[in-house]
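K.L.:
Kindly generate the corresponding structure for this input.
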Amino acid sequence: MTNSMIIDASRAKEIAARFLEQYHSILSIKEPILENGIWKVEIQVSSLGGHVKTVSINAKTGTIFEYF
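P.N.:
Numbering: from 1, shown residues only. Below is the predicted model of the structure:
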């Protein structure tokens, strides 16, 4: 992790899980992938057989700016 990165992979998983827990039951969380200063966290949620949601988190600020 470089000095410009504040949020590590563990924290990115925590942020994504807390966000999605508001709307879904979480089944599993994959290891986050860091791409161009953005953590991509894929989480399988229960919703009629399970769906995968992806949460994008700014690695410097921890702000969620996209999920689908």
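
K.L.:
Is residue 11 inside a helix or a strand, and which specific one?
P.N.:
For residue 11, the host element (DSSP states H and E) is helix 9-20.

K.L.:
which other helices and strands contact that helix?
P.N.:
strand 25-29, strand 38-46, strand 51-58, strand 64-67 (3 or more Cβ pairs under 8 Å, 6 or more residues apart in numbering; DSSP states H and E). Bear in mind the C-beta positions are built from the backbone N, C-alpha and C, glycine included.

K.L.:
can you do 10 Å?
P.N.:
With contacts defined as 3 or more Cβ pairs under 10 Å, 6 or more residues apart in numbering; DSSP states H and E, helix 9-20 has these neighbours: strand 25-29, strand 33-35, strand 38-46, strand 51-58, strand 64-67.

K.L.:
report the angle between the axes of that helix and strand 51-58?
P.N.:
120 degrees (axes from the mean of the first three to the mean of the last three Cα atoms, to 10 degrees).

K.L.:
Now find how far off-centre helix 9-20 is within its chain.
P.N.:
Its chain's C-alpha centre and that of helix 9-20 lie 5 Å apart, by Cα atoms, centre = their mean, to the nearest Å.

K.L.:
Same list (the helices and strands packed on helix 9-20) but as JSON lines, adding mean pLDDT, distance to residue 10 and mean neighbour count.
P.N.:
Output for these, formatted as JSON lines (pLDDT from 0 to 100; distance: least, Cβ to Cβ, whole Å; neighbours: other Cβ atoms under 10 Å):
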{"stretch": "strand 25-29", "mean pLDDT": "95", "distance to residue 10": "11", "mean neighbour count": "13"}
{"stretch": "strand 33-35", "mean pLDDT": "97", "distance to residue 10": "12", "mean neighbour count": "13"}
{"stretch": "strand 38-46", "mean pLDDT": "96", "distance to residue 10": "10", "mean neighbour count": "18"}
{"stretch": "strand 51-58", "mean pLDDT": "96", "distance to residue 10": "12", "mean neighbour count": "17"}
{"stretch": "strand 64-67", "mean pLDDT": "95", "distance to residue 10": "16", "mean neighbour count": "14"}
